[in-house]
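K.L.:
need a structure here:
(one chain, ligands or ions: 1)
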Amino acid sequence: MLYYLRNIKSTVQQTADAIAAALKIEVEIADADLVRVAGTGKYKSQCGCPMDDGFVYRHVLKTGEPVIIDNPGFNELCHPCPCKGNCMEYAEVAIPIRSEDQIIGVIGLVSFDEEQTKRLMDNKQSLLLFLEKMADLLVGKASEIQQNHDRDILTSQLVTVLNLLHDGILLVNDQQQITHYNTLAAKLLDIDEQEEQALYHLLENKKLWQAVERGETFSGNIQGKRVATQLYCDVVPIKKDGVIEGAVITLRDIQQIKKLVKAATVNEIETHFSQIVGNSRKMKELKAMALHVAPSKATLLIQGESGTGKELLARAIHQSSKRKGHAFIAINCGAIPENLLESELFGYEEGSFTGAKRGGKIGKFELAHNGTLFLDEIGDMPLHLQVKILRVLQERRVERIGSSRSIPVDVRVIAATHRDLDNMVKTGEFREDLYYRLNVIPLTIPPLRERLEDVPILTQFYLDYYSVVTDRSVSGITPEAIEILSHYTWPGNVRELGNVIEYCVTMVAGGMITADTMPKRIRTENKAEIKDLSLNLKALERETIMRALTLVNIDGHKEDAAKLLGISRASLYRKIKEYEIEENKTFT
Ligand SMILES: Nc1ncnc2c1ncn2[C@@H]1O[C@H](COP(=O)(O)OP(=O)(O)OP(=O)(O)O)[C@@H](O)[C@H]1O
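P.N.:
Here you go, the predicted structure:
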């Protein structure tokens, strides 16, 4: 590292004065750029000036060797000097100021009379040793100043970085004293910068204090002592060569975390009952029922086939409840591997299992505090987790994996499934106690095939939606196409209908949706269905006619049979012929 004598000007001057006083001789000290940094006697007034004719010093700086000149003007170093022959100096000693492998300056002693010259020349060797010691002192001081300066810069860089962070940061020493904190920590904990700060003055939690003292990690909710705010803290110990030096504590305002969660879950998808499309009697009844139970605290179970809108209904219920200002957290129990599901739901403490994240993890129950937790596909929940869910529902507290601390949670659970839970209880696949707990208010969404009258309105809804989303307007849909949609069985329910309309809107691009532009499977199933239906109708008609003939006891009473059937005698004869009914057969 390169040190600069100009950074320790006053120390350099004090050193020059001390040498001059001790040796009664003039002293000048130059830096590596040949600028006089300090001087005594007649040189004092020339400090800060470049030494243009410092041929001797230039040589010392270049070679790193001391120089003694006892015959100024005759020494070969004096040859280029313009003052050669008029030199006022009697003798000179110059030694390098060396820092590691660099020369950072020169100390020069100059005599201006015989007496000074004698003193200089008689004690050459001890003088050189003395000057070397002085040079070392200057290097030591320069390095100390430079290191302080570098440390100050590093500190202010760190402070800037710390203050840019979105977490509060406390640095604590091994005595639990706070040595540094950023502005957010000062705000979160109400730190008074005049006071000396001990950790226990600011944060109320023995486990946290112990973790710092023992050099252990810690994560958890903590109450600030001077503020009402609940904080989420992480402690990471600082150790050097195995010795505890202190810790870094990060602080997050729990309300802020919740706001972020809410922003990510609520604002984006606010769902209202008006968004649940459907005017069929069954849907009207369902929506009325759901609207009625929405404000209550009751746990709900929504049953229905895939794609019938279970999550949509759950969101609408949340939005119509007092919890709407808080998070709606959805988790699909069937889509998460069994070994991860538990930690997703309940969270875990740091170090509770191999692979656990540093700082632990907040579970969905905690995230949904004050809000709604939507447990989709609850029928896929493993039995051992069903027990844990039941416990949370009963005790309204949750325990993270690896923690004995139970955290109070106020969560409304809405569960959903496409499976027959009633039957699963009978076969032992679903716990009866949990089933009854969840099924306080059951809501069943009918499959689309049981409310085909909703197909036209849903079709229009998706036509409008996908015209906007795909930016391709459609001029309309033919009655025949609507007819086909209305006769399809919709195994994938509303989701499938939405997909079909998206396909049509994309395919026709500005034109009319017709039967021919429908996906093939919809058209083919439909034709087969219509054929089936007409065959069924014919079979039914044949059977009814045969029953009527039996009732009136066949022979001679065809008129009565026609009356019973509400058709003319001629029609009855035509149909007997058409259906090849054997007239003399007795029908029982
Ligand atoms: N009545 C409806 N009105 C408007 N959109 C609906 C309706 N029902 C369902 N949808 C839409 O259909 C899609 C599927 O709905 P949702 O995810 O709520 O169904 P689900 O029953 O939860 O399905 P799964 O059981 O497969 O998760 C969503 O895009 C949803 O917006």
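K.L.:
got a list of what whatever residue of the chain ends up closest to the ligand touches?
P.N.:
Residue of the chain nearest the ligand, by CB to the nearest ligand atom: residue 309 (2.6 Å). Backbone N, C-alpha and C define where each C-beta goes, glycine included. Counting by CB atoms under 8 Å, 6 or more residues apart in numbering, residue 309 makes contact with 276, 445, 493-494.
K.L.:
are the helix or strand where residue 302 lies and the ligand in contact anywhere?
P.N.:
Assigned by DSSP states H and E, residue 302 falls within strand 300-303. No - using CB under 6 Å from any ligand atom, we find that strand 300-303 stays clear of the ligand, coming within 7.9 Å at best.
K.L.:
my guess is residue 199 contacts residue 209. True?
P.N.:
Yes - between residue 199 and residue 209 a contact is recorded at 6.4 Å, counting by CB atoms under 8 Å.
K.L.:
list the residues that contact both of the two?
P.N.:
Joint contacts of residue 199 and residue 209 (CB under 8 Å, 6+ apart) are residue 176.
K.L.:
so where do the strands sit in the stretch 201-350 of the chain?
P.N.:
Assignment of strands within the stretch 201-350 of the chain using DSSP state E, counting those that start in this stretch yields the ranges 203-204, 218-224, 230-240, 243-253, 300-303, 328-332, 347-348.
K.L.:
pull the distance from the strand holding residue 302 to the chain's centre.
P.N.:
Remark: strand 300-303 is offset 31 Å from the chain centroid, using CA atoms, centre = their mean, to the nearest Å.
K.L.:
could you dump it to CSV, C-alpha only?
P.N.:
The C-alpha coordinates for strand 300-303 follow below in CSV (Å, rounded to 0.1, in the frame of the first residue of the first chain):
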residue,chain,number,x,y,z
LEU,A,300,-67.0,-24.3,4.8
LEU,A,301,-66.7,-27.4,2.6
ILE,A,302,-67.2,-26.8,-1.1
GLN,A,303,-67.8,-29.9,-3.2
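K.L.:
return the most buried member of the strands of the stretch 201-350 of the chain.
P.N.:
strand 300-303 (a mean of 24; mean count of other CB atoms under 10 Å).
K.L.:
which residues sit against that one?
P.N.:
293, 310, 313-314, 317, 378, 413-418, 421, 438-445.
K.L.:
ok so, going back, as CSV, the strands of the stretch 201-350 of the chain with mean pLDDT would be great.
P.N.:
Formatted as CSV, these follow (pLDDT from 0 to 100):
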stretch, mean pLDDT
strand 203-204, 81
strand 218-224, 82
strand 230-240, 89
strand 243-253, 92
strand 300-303, 96
strand 328-332, 93
strand 347-348, 88
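K.L.:
tell me which of those approaches residue 289 most closely.
P.N.:
When the strands of the stretch 201-350 of the chain are compared by CB to CB, strand 300-303 sits nearest residue 289, at 10.3 Å.
K.L.:
give the pairing partners of that closest one; include direction for each.
P.N.:
strand 412-417 (parallel), strand 441-444 (parallel) (DSSP bridges).
K.L.:
most packed of those strands?
P.N.:
strand 412-417 (a mean of 24).
K.L.:
and the longest helix belonging to the chain, how far out from the chain's middle?
P.N.:
Identified as the longest helix of the chain according to DSSP state H is helix 124-164. Distance, stretch centre to chain centre, for helix 124-164: 44 Å (CA atoms, centre = their mean).
K.L.:
can you tell me the closest non-neighbouring residue to residue 447?
P.N.:
If the residues on either side of it in the chain are set aside, residue 447 comes closest to residue 305, at 4.8 Å by CB to CB, 6 or more residues apart in numbering.
K.L.:
residue 199 and residue 209: which is more packed in?
P.N.:
Remark: of residue 199 and residue 209, residue 199 carries more neighbours, 21 against 18, as counted by other CB atoms under 10 Å.
K.L.:
mind checking what secondary structure residue 353 has?
P.N.:
Following DSSP: H, G, I helix; E, B strand; the rest coil, residue 353 is assigned to coil.
K.L.:
what does residue 84 give?
P.N.:
From three-state DSSP, the assignment for residue 84 is coil.
K.L.:
mind listing what it touches?
P.N.:
73, 78.
K.L.:
one more: residue 386?
P.N.:
430-431, 434.
K.L.:
in PyMOL, how would I select the buried members of the residues you listed?
P.N.:
Per 16 or more other CB atoms under 10 Å, the buried members of those correspond to this PyMOL selection:
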select buried, resi 430+431+434
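K.L.:
keep only those of the contacts of residue 386 that are in helices.
P.N.:
Per DSSP H, the subset of those in helices is residue 434.
K.L.:
tabulate the contacts of residue 386 (a markdown table), appending distance to residue 52 and pLDDT.
P.N.:
Compiled in a markdown table, these are given as follows (distance: CB to CB, whole Å; pLDDT from 0 to 100):
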| residue | distance to residue 52 | pLDDT |
| --- | --- | --- |
| 430 | 98 | 95 |
| 431 | 97 | 96 |
| 434 | 95 | 95 |
